[in-house]
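Undergrad: Please work out how this folds:
(2 chains)
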Amino acid sequence: MSGTFVGMPAFPKAAHEAVNNATLRGNLRHATHTIRAKRAKAVGEISDWAELREAGKRIKDHTLRHLDRYLTQLEESVTAAGGVVHWAADAEEANRIVTALVKMTGESEVVKVKSMATQEIGLNEALEAAGIHAYETDLAELIVQLGKDRPSHILVPAIHRNRGEIRDIFVREMGEWGRPAPEGLTDTPAELAEAARLHLREKFLRAKVGISGANFMVAETGTLVVVESEGNGRMCLTLPETLISVVGIEKIVPSWRDLEVFLQTLPRSSTAERMNPYTSMWTGTTDGDGPQTFHLVLLDNGRTDTLADEVGRQALRCIRCSACLNVCPVYERAGGHAYGSVYPGPIGAILSPQLRGTASEIDASLPFASSLCGACYEVCPVAIDIPEVLVHLRERIAQGGRATRDGNTVVLKPAKGHAAERAAMRAARWAFSHPGALGAGQRLASRTRRFHPRTLPGPGRAWSATRELPTVPAESFREWWQRTRGGKDATK
Amino acid sequence: MRVALFLTCVNDTLYPDTGRAVVKLLTRLGVDVDFPMGQTCCGQAHYNTGYRHEAEPLARHFSDVFGEYEAIVTPSGSCGAMVRELYPRMGERARAEGRGDTLARTLAPVVPKTYELTEFLVDVLGVTDVGAYYPHTVTYHPTCHGLRSLGLGDRPRRLLQAVRGLELRELPGADECCGFGGTFAVKNPDVSAAMGADKVRNAESTGAEVLCAADNSCLMHIGGTMGRLRTEMRPVHIAEILASTEAGADAATEAGAESRANASTDAGAEEEPSA
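TA: Model (predicted):
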């Protein structure tokens, strides 16, 4: 797979192409609007949605507050149930651990359940470098992998593709990876699904090693939970002899009772289903049933740093439902690739700059990739106030300040590209602190209005390239108010 | 009741007609409204762009200027939301940074008595029929901060429905952002413009003559897009519709719409306001 996001340009530049790609815009518009409407219906039919949302938020906040305790408890439970727990501080360590575990089995191929954590760390690329082929088995992930493409959505990684494009990818690529596409394949959904089913079946039956993530980990019993729609997860989790799960440390819930909340809110928020078709749960290993070896790799990779930030930490509540992507007007136009991360959309705009830091061009631009319309916060099933975190991160970039990187407190300098803006903001603050100066500026603008240009040069072109400039009135309101005493003296 | 008009810096400078309309409307409803001359800007653009520390003095200034009034009315959902939702947050952040309660205490008095115009009309004055006459087809765009931060709900719609002569047309995709977003409009111009164009297309599909909203900054973006796309439609602030009566077949309102939508002519803008 050519699928990494290294060296991405800043968001506005990356979005430029997508906005002008009519096919992509059409695909995204159709897909997001469809799921948006379905989700609204699925959520609307529950009378206690607000309470479930609040409960989900509280469970996550409580768990994060006591994460040290729950992680230790989870390790004990998993170990007691026959699993082996590994701790990975970052992507590199996690990839090293997983690669070594696969090598130990002597196998050179693995089947994968769709997993955001393994995408985040670039596991497939690391395995490939070690001579191990990783096969994605989720339909959309398969499309992305066969198309040597990058995922553009959390739940529907191939959302940017339409049926015709998918058919072409299957016909062209399936033979290279295993069973070729059936002769005369058309772009009807049933035929495409059947082609994928046949192609994947031989992978499931042959694989000795499965790799997954998890939606939840229950601390009290050491149980992992994967929710999915296609049954490919069930295959990967039960057929292989060895199962390796890579899971972010924030995926813990204390008890089974807590699952009750999320197993209602997650499917309705993500696929707009009352219940997802497959919910697989496993606790360590069971003699003669399912994988006989189970490894759990607990991944930090910036999560502890994120947890240290009292505004930003709410991003760790995320259950990866992608409701915020589907409702986001920016995502709908810019597409997922512009976000330069496996986490696109509003949640990606607050997660990536926290997990990866704000040093790169793309990460420093992501918090600004939002009109702050608040639609994401409204639909979030764990009430992450995404606009609040976006503004918080904008502050970190524009003004600098304290942050935690690799467990250490660092003081970040203001980002370079914002110097002119900083000066303008300071000047505006000065003028707005002196009403007389504001009035003088308004008078000057009014008197010179006949000479105002219709379009702006330089950075102002960003406005006037697509929008008329407002005309400055002959007098400001405050001038009128003073002249007429608030309209009481209308003869003046 | 001592009522202050917080017009906002954008309206004061670019859309005085909206201010005159608010004064005319409130006066007609028996409210004696004052315009404190010390007012400037709530600090929203600073805050939302990441300059919270520059916004703090502006918030303190706002509190100084408006603190003594019993109600503060603003014809802007987003500036209203800045005061109501974000001033308390600024206070909390200052406290969390070990700077004590001073900022929170300074800002606290203005927070509960700041009202967006339609809230003030419906909730405080208890009116939905403001005695307006506006013989046009209108479609209403609920701007994001009014809709989601303030929860204006159907207040603007109820006010518009009570206007005589006005035919309200449903806007498809009404609750989708128009793409303005303050500095977002220039930091991400492609996406912003695409959102604006979609909003205009949806508005045009209603066949209405007027697109109405409760925020002139959003209307500046939508109207600027309409102007460039040479749309027949006019953007008009809700205050200007609610202020209109049979008596004054509002030259001012038309002029206000001109300045929002079209930079190609100055006609009408020189007239004396007819408040």
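
Undergrad: contacts and neighbour counts: CA atoms only from here.
TA: Noted.

Undergrad: for the residue in the stretch 51-200 of chain B positioned nearest to chain A, helix, strand, or coil?
TA: Going by CA to the nearest CA, chain A is nearest to B:Gly181 of the stretch 51-200 of chain B, at 4.1 Å. Three-state call for B:Gly181 (DSSP: H, G, I helix; E, B strand; the rest coil): coil.

Undergrad: Low-confidence stretches in chain B?
TA: For chain B, applying pLDDT under 70 flags the ranges B:249-275.

Undergrad: mind checking how far A:Arg179 is from chain B?
TA: For A:Arg179, the distance to chain B equals 41 Å [CA to the nearest CA, to the nearest Å].

Undergrad: How about A:Pro9?
TA: According to CA to the nearest CA, A:Pro9 stands 13 Å off from chain B.

Undergrad: How about A:Ala419?
TA: Counting by CA to the nearest CA - A:Ala419 and chain B are separated by 12 Å.

Undergrad: now that residue: how far from A:Ala398?
TA: Distance, A:Ala419 to A:Ala398, using CA to CA, to the nearest Å: 8 Å.

Undergrad: same deal with A:Arg405?
TA: With CA to CA as the criterion, A:Arg405 and A:Ala398 are 18 Å apart.

Undergrad: Neighbour count for these two, which is higher?
TA: Neighbours were counted for A:Arg405 and for A:Ala398 using other CA atoms under 10 Å in any protein chain shown; A:Ala398 has more, 21 against 18.

Undergrad: Show the end-to-end separation of stretch A:371-379, please.
TA: Note: stretch A:371-379 ends 16 Å apart using CA to CA.

Undergrad: Stretch A:453-467 now?
TA: Its start and end residues considered, stretch A:453-467 measures 13 Å (CA to CA).

Undergrad: any chance you could map the strands in chain A?
TA: Under the criterion DSSP state E, chain A contains strands at A:84-88, A:109-112, A:133-136, A:209-212, A:216-218, A:223-228, A:242-248, A:252-253, A:278-283, A:293-299, A:401-405, A:408-412.

Undergrad: Report the rounded mean pLDDT for the second one.
TA: It stands for strand A:109-112. The predicted model assigns strand A:109-112 a mean pLDDT of 98.

Undergrad: what's the distance between that strand and the middle of its chain?
TA: Computed by CA atoms, centre = their mean, to the nearest Å, the chain-centroid distance of strand A:109-112 equals 24 Å.

Undergrad: which helices and strands sit right next to that strand?
TA: The contact analysis (3 or more CA pairs under 8 Å, 6 or more residues apart in numbering or on different chains; DSSP states H and E) places strand A:109-112 against strand A:133-136, strand A:209-212, helix A:232-238.

Undergrad: now could you export just the CA positions of stretch A:314-331 as CSV?
TA: The C-alpha atoms that make up stretch A:314-331 are tabulated as CSV, following Å, rounded to 0.1, in the frame of the first residue of the first chain:
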residue,chain,number,x,y,z
GLN,A,314,-12.0,15.2,25.8
ALA,A,315,-10.8,14.1,22.3
LEU,A,316,-9.9,10.8,24.0
ARG,A,317,-13.6,10.0,24.6
CYS,A,318,-14.0,9.4,20.9
ILE,A,319,-15.5,6.0,20.0
ARG,A,320,-14.6,6.4,16.3
CYS,A,321,-18.3,6.5,15.1
SER,A,322,-17.6,9.1,12.4
ALA,A,323,-20.9,10.9,12.9
CYS,A,324,-18.9,14.2,13.0
LEU,A,325,-17.4,13.5,9.6
ASN,A,326,-20.8,12.8,8.0
VAL,A,327,-22.3,16.0,9.3
CYS,A,328,-19.3,18.3,8.7
PRO,A,329,-19.7,20.8,5.8
VAL,A,330,-16.0,21.1,5.5
TYR,A,331,-15.3,17.4,5.3
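
Undergrad: any residue of it up close to chain B?
TA: Yes: applying CA under 8 Å from any CA of the partner chain, one finds stretch A:314-331 in contact with chain B at A:Pro329, A:Val330.

Undergrad: how far away is B:Thr49 from A:Leu390?
TA: B:Thr49 is 10 Å from A:Leu390, by CA to CA.

Undergrad: Can you get me a residue count around B:Ala247?
TA: With other CA under 10 Å as criterion, B:Ala247 counts 7.

Undergrad: got the end-to-end distance for stretch A:466-478?
TA: 30 Å.

Undergrad: try stretch B:170-190
TA: Criterion CA to CA; first-to-last residue distance in stretch B:170-190 is 27 Å.

Undergrad: One more: stretch A:457-466?
TA: End to end - CA to CA - stretch A:457-466 spans 13 Å.

Undergrad: and the longest helix belonging to chain B, which residues are buried?
TA: The residue-count maximum for a helix in chain B (DSSP state H) belongs to helix B:189-205. Residues B:189-200, B:202-204 are the ones in helix B:189-205 that count as buried (16 or more other CA atoms under 10 Å in any protein chain shown).

Undergrad: Pull out whichever of the residues you listed are also neighbours of chain A.
TA: B:Pro189, B:Asp190, B:Val191, B:Ala193, B:Ala194, B:Met195.

Undergrad: gap between the fifth one and B:Arg230?
TA: So the one you mean is B:Ala194. Taking CA to CA, one finds B:Ala194 at 16 Å from B:Arg230.

Undergrad: The residue in chain B sticking out farthest from the centre is in what secondary structure piece?
TA: The outermost residue of chain B relative to its centre, with distances by CA atoms, centre = their mean, is B:Gly98 at 34.8 Å. For B:Gly98, there is no enclosing helix or strand under DSSP states H and E.

Undergrad: How is the chain divided into domains?
TA: Here I'm looking at chain A. Listed domain ranges for chain A are A:46-301, A:449-492 (source: automatic domain parsing).

Undergrad: You answered for a different chain; I wanted chain B.
TA: B:3-124, B:137-261.

Undergrad: could I get these as CSV with distance to A:Arg36?
TA: Formatted as CSV, those follow (distance: least, CA to CA, whole Å):
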stretch, distance to A:Arg36
domain B:3-124, 25
domain B:137-261, 12
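
Undergrad: okay, now A:Pro291: neighbour count?
TA: 23.

Undergrad: higher neighbour count, B:Thr49 and A:Leu390?
TA: A:Leu390 (28 against 24).

Undergrad: Now that one: closest residue in space that isn't a chain neighbour?
TA: Nearest non-adjacent residue to A:Leu390, counting by CA to CA, 6 or more residues apart in numbering or on different chains: A:Pro367, 5.0 Å away.

Undergrad: which ones are touching the residue in the stretch 1-150 of chain B that chain A sits nearest to?
TA: Nearest to chain A, among the residues of the stretch 1-150 of chain B, is B:Gly50, at 3.7 Å (CA to the nearest CA). Applying CA atoms under 8 Å, 6 or more residues apart in numbering or on different chains to B:Gly50 gives the contacts A:Val391, A:His392, A:Leu393, A:Arg394, A:Glu395, A:Arg396, A:Ile397, A:Ala398, A:Gln399.
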